[in-house]
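Q: Turn this into a model:
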Amino acid sequence: MPLLPILRKSPFARLIFLYAAGIAFADCTRNYCLSVTGLLLIVLILWLILWVTIGAHRNLNTGWIAGILVAMVIFVCGVWAAEIDINRERQVQSIPESPLLCRMVIIDMPDPEGHAVNATARVLGVKTPEGWIRLNLKVRLHISIDSGTYIPRPGSELIVRTQLKNIPLPANPDEFNYRKYLSTRHIYKQAFIRTPRRGGGDPVGVSPCGMRNRLLQSFRDMELEPAYYGLVSALTLGYKEDVDARTKQAFTRAGVMHIMALSGFNVGIIAVVLGFLLGNFDRNPAGKYAKTAIIILFLWLFALVTGLSPSVTRATVMFSFVLTGRLFHRQVNTYNILFVSAFLLLTFSPGMLSDVSFQLSFAAVAGILVYQPYLNGLLTFKVPLVRKIWQLFTLSIAAQLATFPLTLFYFHQFPVYFWLTNLYVVPLVSIIIIIAGGYLALAWIKPVALFAGKVLAVFLKTLFLSVTVVEKLPFSLISGVYINGVQATLLMMIILLLGFVILFRIVRWFPVLLVLMIAFEWIHLTHTKKLVHQQTGLISGVRGKTAINFISGRKAILLVNAGMLPDYNDLTWSFNNFWVKHGVNPSVISFDSMDTDLCNGQVVPGLYCRPLWRGNNILMTFNEQRLVLLRDDRFYSFCSKHSLQADLIIVTGSLSVHPDRIVKEIKASLMIIDGSVKKSNVWRWKSECEKHGITCYVIPERGAFPIVSNGTSR
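A: Below is the predicted model:
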């Protein structure tokens, strides 16, 4: 059946796009004073104008005007829903950060990380001089642990004195916005505690999170290798905290990282297996009702146990509608069900629109619905096995086509052999999920559980080794690809129109397709030309470290403290998106390893350095701006008749707090306190600078400071 007639029969298609546009509009204008009441008033006035016009000219065709007004109402409803979320976030962030006695309960699996445990907790109340005040607030909890620290479990109740702090914004340009990520899950505060005190009895494990903990313990009892245990936990229960970096890298480069994110694939397997096991219920009408109810309830239980992730929730909503429709012998419009599920999720959580997993999940399903039937029909095979392989291939291509723009935009990479890996990974994972489910159901029968555990270990090993083989193939991953938001939108439209022109034979869209491709390429060429002539620096916000990026054209360098070289994960977290955007892959060099080529501008054109200046300090010139990096107290022992003229003074954590003595030797427009300065000293630097009338910029509080070519302002 052609695509457009199906969409015309999907009323929620137009509704969801208008509603989502309203949410996106509110999110983009959250810093501006836009009144939802004002927007509603405008719509009401337009409605009145339409009503008066119809009364005066009864023969006038006003259907299109009414359609526009209805669209505006839906758009404003989206704005309104988002504004409610935004106002809730602002109210929570306005809570004072003073120490409070809090009563809270752990609501998810604690995640050990070094000498700390991270968890999500729900604050039930805080104690004030007037007594206890009830709250219902989710916070991100960070617990410092040692050998004697009590480690809470899901459901544990704690009473602690702590500060409910706002989650900081990204410290560097284009860095992952952890605050935005948590806000989509309605978490707006974080707390740091050392010695939690129990506020109640131990949890009994009946909550969904407690159930998942018990299921994970069953997997631990199998005594699998750590890599295989982490893999089966992610594939079946969505618990990815125990997946090691090596496994993540292999699955990412092979193009099958998506199988670790629970989705409709996992929900579909559960529904099919349950439908098979409950097949005898189809013998009478009452049995059919019971079968459908059992499957739907089990799917929602699975969604709760795995944390109600956007992809699992979307799939569960869709399967609930599909199963209910089939029960009552109704024709199922899968497109409309997809849009209905998206509308329901955004109604309850408008912030989910900016969630990457939400976008990828719906894009993948939409791509499969639109492209897979037509791609699958391009070739026909009589052999069933070959036909199934072709179906898997076309399904993988369809999903990748739809998610390709989002993958480039968010992750800047593309796995080349995704089509090959998915051919055998999808069947293997299906078998693993079924065996793991059987193991969890029969774990109380020791001989059966032992046999299932050994079989499961064989399949997990086969999956892991087969993925690593593809990962090691040449050119398995294309990385460092940059497109901006406009290009991602254009690329989505190009892929959609290509489908119209090639698959659906709608040739009239070809001129529009050509215009979009020209616009995409023009943006790409403009950005590439800009990179050739770029001259920028960044005094970066890396906690506890001094890090400065210098970029000139396509050459770049990152200077850091000796002995404090951050590991690869720190660098990727802080700078990967920034480097990709600027088209560079810089070398990482410590300040103590600066050689002659670097100091003379041969590594990065325009960067000249003078190390060991007045002790172990560094004098640098970049983009005709003079920077002084102070990292040695021996600077205070030097005295000159004339003050040094500089643009920026960068103060590090190894320097004593004497701003008055610095300004006597160096005249600069700005003093920058970098991320290596301890919090206790930051306050001293700020107060001393204010006392002496020195402009001070604190990187831990305000984020990284860019060094631009035409000045030092942001």
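Q: At which residues are the helices of the stretch 1-150 of the chain located?
A: Ranges of helices within the stretch 1-150 of the chain are 3-8, 11-28, 36-56, 63-93, based on DSSP state H, counting those that start in this stretch.
Q: no wait, the stretch 401-550 of the chain
A: Using DSSP H, counting those that start in this stretch, the helices found in the stretch 401-550 of the chain span residues 418-441, 446-471, 485-498, 510-532.
Q: ditto for the stretch 251-400 of the chain
A: Under DSSP H, counting those that start in this stretch, the stretch 251-400 of the chain gives helices at 264-277, 285-305, 310-327, 334-348, 356-376, 384-411.
Q: Can you give me the buried ones in the longest one?
A: Yep, that's helix 384-411 we're talking about. With burial defined by 16 or more other C-beta atoms under 10 Å, the residues of helix 384-411 counted as buried are 390, 392-409, 411. Placement of C-beta: from N, CA and C, glycine included.
Q: now it against helix 356-376, angle please.
A: 140 degrees (axes from the mean of the first three to the mean of the last three C-alpha atoms, to 10 degrees).
Q: got the angle for helix 384-411 vs helix 418-441?
A: Direction vectors for helix 384-411 and helix 418-441, defined by the same axes, to 10 degrees, enclose an angle of 100 degrees.
Q: What residue, apart from its backbone neighbours, is nearest E241 spatially?
A: Spatial nearest neighbour of E241, chain neighbours left out: D111 (4.8 Å); criterion: C-beta to C-beta, 6 or more residues apart in numbering.
Q: Identify the residues contacting the one you found.
A: V117, N118, A119, E241 (C-beta atoms under 8 Å, 6 or more residues apart in numbering).
Q: what's the neighbour count on the last one?
A: As a burial measure, E241 scores 14 neighbours (other C-beta atoms under 10 Å).
Q: and the closest residue to L278 other than its chain neighbours, how far is that from R326?
A: For L278, the nearest residue in space outside its immediate sequence neighbours is K291; the separation is 4.6 Å by C-beta to C-beta, 6+ apart. With distances defined as C-beta to C-beta, to the nearest Å, the gap from K291 to R326 amounts to 11 Å.
Q: Pick out whichever of these two has more residues nearby.
A: When K291 and R326 are compared for neighbours, K291 comes out ahead with 20 against 13, by other C-beta under 10 Å.
Q: where does L490 land on pLDDT?
A: At L490 the predicted local distance difference test score is 93.
Q: Also I42?
A: The predicted local confidence for I42 comes out at a pLDDT of 68.
Q: Touching, A71 and L18? I think so.
A: Yes - here A71 reaches L18: they are 5.3 Å apart, a contact under C-beta atoms under 8 Å.
Q: Now rank the contacts of D111 by neighbours and give me the top one.
A: Using other C-beta under 10 Å as the neighbour definition, those reach their maximum at A119, which records 24 neighbours.
Q: is it in a bridge, and if so with what?
A: Listed by DSSP bridges, the beta-bridge partners for A119 are L141.
Q: wait, doesn't it sit right on P112?
A: No - applying C-beta under 8 Å, one finds A119 not in contact with P112, separated by 9.9 Å.
Q: so which helix or strand takes in L571?
A: With secondary structure defined by DSSP states H and E, L571 is part of helix 568-582.
Q: pLDDT on that helix, on average?
A: Per-residue scores along helix 568-582 average to 82.
Q: so how far is the next helix or strand after that helix off the chain centroid?
A: Note on helix 568-582: by DSSP H and E, the next helix or strand toward the C-terminus is strand 587-590. Between the centre of strand 587-590 and the centre of its chain there are 28 Å (C-alpha atoms, centre = their mean, to the nearest Å).
Q: secondary structure class for the residue of the chain most remote from its centre?
A: Largest separation from the mean C-alpha position in the chain: K641, at 54.4 Å (C-alpha atoms, centre = their mean). For K641, the reduced secondary structure class is coil; criterion used: DSSP: H, G, I helix; E, B strand; the rest coil.
Q: same thing with M620?
A: Under three-state DSSP, the three-state class of M620 is strand.
Q: separation between it and I548?
A: If you measure M620 against I548 using C-beta to C-beta, the figure is 8 Å.
Q: Identify the contacts common to the two.
A: The contact lists of M620 and I548 share L629, where a contact means C-beta under 8 Å, 6+ apart.
Q: Verify the stated contact: M211 with V305.
A: Yes - counting by C-beta under 8 Å, V305 is a contact partner of M211 at 5.3 Å.
Q: quick revisit: tell me the pLDDT of the residue farthest from the centre of the chain.
A: Reported pLDDT at K641 in the predicted model: 73.
Q: That one: what's it in contact with?
A: The neighbourhood of K641, defined by C-beta under 8 Å, 6+ apart, contains no residues.
Q: Tell me where the stretch 551-700 of the chain has strands.
A: 555-560, 587-590, 607-613, 617-622, 625-630, 644-645, 648-651, 666-667, 670-673, 696-698 (DSSP state E, counting those that start in this stretch).
Q: Pick the most buried one from those.
A: Each of those was given a mean neighbour count from mean count of other C-beta atoms under 10 Å, and the largest, a mean of 26, is that of strand 648-651.
Q: Quick check: P154 is in a strand.
A: No - P154 is assigned coil when assessed by three-state DSSP, not a strand.
Q: Low-confidence stretches in this protein?
A: 1-8, 31-44, 46-47, 49-66, 114, 146-150, 195-207, 562-570, 709-714 (pLDDT under 70).
Q: returning to what we had before: what residues sit buried inside the helix holding L571?
A: Burial within helix 568-582, assessed by neighbour count using 16+ other C-beta under 10 Å, is assigned to D570, L571, W573, S574, F575, N576, N577, F578, W579, V580, H582.
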